[in-house]
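Asker: Any chance you can model this:
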Amino acid sequence: MLDAHTGRQSQSPPRNWPHNKLWKPVQSRNEGIVPYLQQRPPPHGQRLEGPVTNLRGNIATFDFIVHWNPPETGEHCVSAYQVCYVPTDGSAIETCVFHKADSLYWFSASVLTPCTEYSVTVSPVDLNNKISHGSSITMQTAPDEVSGFQVTAKTPHALSFSWDLPGEGESCVKSYSLEWCNWTNTRPSVCNFKKIPLPANTSEYHLTELEACTQFTVVLTTLGDADHISPETYLNVHTGVVDSPGPVENIRISYLTSYAFRLEFDPPKENENCVQDYVVCESVTGSGDQTCHTTIKNSRTWINKMRLDPCTNYTVIIKARDHDSVHTDDASITIHTAQDRVVNLRTQEVSTTSIEVVWDNPAPEFFCASDYRLVWCISPGLCNMTTTIVSSDNTDYTITNLLPCTNYALILYALGPIDVESSNMIITQETHCE
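Answerer: Predicted structure coming up:
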């Protein structure tokens, strides 16, 4: 597709085109008066003479763009331009459109036929709506994209490709261009492609001396007359594996609550470039009922898991998988989620200097607290929080040495294994006044 920054012709009138004028494409080109455009007298002393100048164009497989300069004489007498194009072999009828006078370019709006020569004529239309003599150029569209491009074999150090040749008389292909680039450790946009030209009768090629476990982008194009290039056909492919990668390392918990966890891990130290993705399987420890998914290599080396049960052991197994879909050795970790937060946190006895805090435990299956952490602070506003640890055998605690007539925020956490905290429960209570 050609660059459309210059604007695609919509075959609709420009915004400043008079409303009493019709504006539509025509299907044949004839010199003379265009019957459906109203005439108007030209400015005194002005006359349109001569065709457009410096007509030039660029063409691709399915479209073209033409540029031109206005006539040398009478530029201000131009009310529009007529652009006509037709295959020179007569395989289709001529198509003509009118184009606004203030744009000296036109982008073909219809899909052209690959490997076909087109004649393009641009003619100025004067203020009397008379179509002047036109200027013409001929351009041949580029070949169509290659079909049937595929990988036929791969080894750790070689890749083989094949593609379909065009039918006899159906192509203007003069040669092929095969490009390839290793972008395993870089972005494709900054890849340094290697290129090799191939004869037009070639339908296969073998790349050798490649690095194992490496991703390549391979691009195949055809060249037509005047080195017009077809649309690209490309493949992303990995070379084969010599040695599978080792296991992932250093699995660790970076975030853990009653209902979710986040794990991080390091990629294998052995043959990391052979890793295609990671297979992650989670299960309730001892249940044997696993849930597995894959995470793409390089996108992340961390795992989030949510909607878990409190006070539950989970086993997570992470396996690297190479480009031949072979799994590496397992690496695993067991995680114990925190208990659910307490229920019905409230105050019971309140005095001028003390507050008794009371709470209920969650259901027994979700109760695994080793201790509670009770925090209090003058509220609202910033203050120095005071913390105490309460045994899980208790469901109440009396805070003393408080200030009279003061509002306190009371915050309670349940502490599970390795001091993992539940989500908090917060209430406020004001001490009595003296």
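Asker: any weak-confidence spans in the chain?
Answerer: Low-confidence segments of the chain (pLDDT under 70): 1-49, 169-170, 184-190, 298-300, 381-382.
Asker: domain ranges for it?
Answerer: 32-140, 150-238, 249-336, 343-430 (automatic domain parsing).
Asker: how about the ones you listed in CSV, adding mean neighbour count?
Answerer: No exception for glycine: its C-beta is placed from N, CA and C like everyone else's. Formatted as CSV, the domains of the chain follow (neighbours: other CB atoms under 10 Å):
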stretch, mean neighbour count
domain 32-140, 17
domain 150-238, 15
domain 249-336, 16
domain 343-430, 15
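Asker: Give me the distance between Thr88 and His67.
Answerer: To His67, Thr88 is 21 Å away according to CB to CB, to the nearest Å.
Asker: Actually, Asp371.
Answerer: From Asp371 to His67 the distance is 80 Å (CB to CB).
Asker: do the same with Gly50
Answerer: Between Gly50 and His67 the computed distance is 17 Å (CB to CB).
Asker: got it, and Ile93?
Answerer: From Ile93 to His67 the distance is 25 Å (CB to CB).
Asker: wait, Ser123 sits on Gln82?
Answerer: Yes: in terms of CB atoms under 8 Å, Ser123 counts as a neighbour of Gln82; the distance is 4.6 Å.
Asker: where do the strands sit along the stretch 51-200 of the chain?
Answerer: 53-59, 64-69, 78-87, 95-100, 105-107, 117-126, 130-131, 135-140, 150-155, 158-162, 175-182, 194-199 (DSSP state E, counting those that start in this stretch).
Asker: between these, which gets nearest to Ser287?
Answerer: strand 150-155 (40.0 Å; CB to CB).
Asker: Who are the packing partners of the closest one?
Answerer: Contacts defined by 3 or more CB pairs under 8 Å, 6 or more residues apart in numbering; DSSP states H and E place strand 150-155 against strand 158-162, strand 233-238.
Asker: Identify the residues contacting the longest one?
Answerer: Taking contacts as CB atoms under 8 Å, 6 or more residues apart in numbering, the residues outside strand 233-238 that touch it are 145-147, 149-151, 154, 159, 161, 163, 213-221, 276, 323.
Asker: hmm, try it at 6 Å
Answerer: By CB atoms under 6 Å, 6 or more residues apart in numbering, the list of residues contacting strand 233-238 from outside reads Glu145, Val146, Phe149, Val151, Gln215, Phe216, Thr217, Val218, Val219, Leu220, His323.
Asker: cool, and stretch 153-164?
Answerer: Contacts for stretch 153-164 (CB under 6 Å, 6+ apart): 146-149, 152, 203-208, 210, 212, 239-240, 242.
Asker: again, 8 Å this time
Answerer: 146-152, 178, 203-213, 216, 218, 220, 233, 235, 237-242.
Asker: same deal with stretch 177-186?
Answerer: 161, 188, 191-198, 205, 207, 210-211, 214-223, 229, 273.
Asker: follow-up on the earlier one: arrange the helices and strands packed on strand 150-155 in a markdown table, one row each, with distance to Ile137 as further columns.
Answerer: Listed next are these as a markdown table, based on distance: least, CB to CB, whole Å:
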| stretch | distance to Ile137 |
| --- | --- |
| strand 158-162 | 37 |
| strand 233-238 | 29 |
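Asker: and Phe62, which of those is closest to it?
Answerer: Nearest to Phe62, of all the helices and strands packed on strand 150-155, is strand 233-238, at 15.0 Å by CB to CB.
Asker: how about the closest one as CSV, C-alpha atoms only?
Answerer: Extracted in CSV, the C-alpha atoms of strand 233-238 (Å, rounded to 0.1, in the frame of the first residue of the first chain):
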residue,chain,number,x,y,z
THR,A,233,5.5,-12.5,3.1
TYR,A,234,7.2,-13.4,6.4
LEU,A,235,7.6,-16.2,8.9
ASN,A,236,8.8,-16.2,12.5
VAL,A,237,10.7,-19.4,13.2
HIS,A,238,13.1,-20.8,15.7
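Asker: which residues in the stretch 151-300 of the chain form helices?
Answerer: In the stretch 151-300 of the chain, no helices are found when defined by DSSP state H, counting those that start in this stretch.
Asker: my bad, the stretch 301-434 of the chain
Answerer: Going by DSSP H, counting those that start in this stretch, the stretch 301-434 of the chain shows no helices.
Asker: where does the nearest residue to Thr312 once chain neighbours are set aside sit relative to Pro166, distance-wise?
Answerer: In space, Thr312 comes closest to Thr337 once its chain neighbours are excluded; the distance is 5.3 Å by CB to CB, 6 or more residues apart in numbering. To Pro166, Thr337 is 62 Å away according to CB to CB.
Asker: likewise Leu207?
Answerer: Taken as CB to CB, the span from Leu207 to Pro166 is 23 Å.
Asker: can you check Leu159 too?
Answerer: On the measure of CB to CB, Leu159 and Pro166 end up 23 Å apart.
Asker: Same check on Asp371?
Answerer: Distance from Asp371 to Pro166, by CB to CB: 78 Å.
Asker: need the contact list for the residue nearest to Thr312.
Answerer: So Thr337 contacts 256-259, 261, 308-312, 314, 416, 420 (CB under 8 Å, 6+ apart).
Asker: can you check Tyr278 too?
Answerer: Val248, Thr294, Thr295, Lys297, Ile318, Lys319, Ala320, Arg321.
Asker: what's the farthest-apart pair in these?
Answerer: Val248 and Thr294 (13.4 Å).
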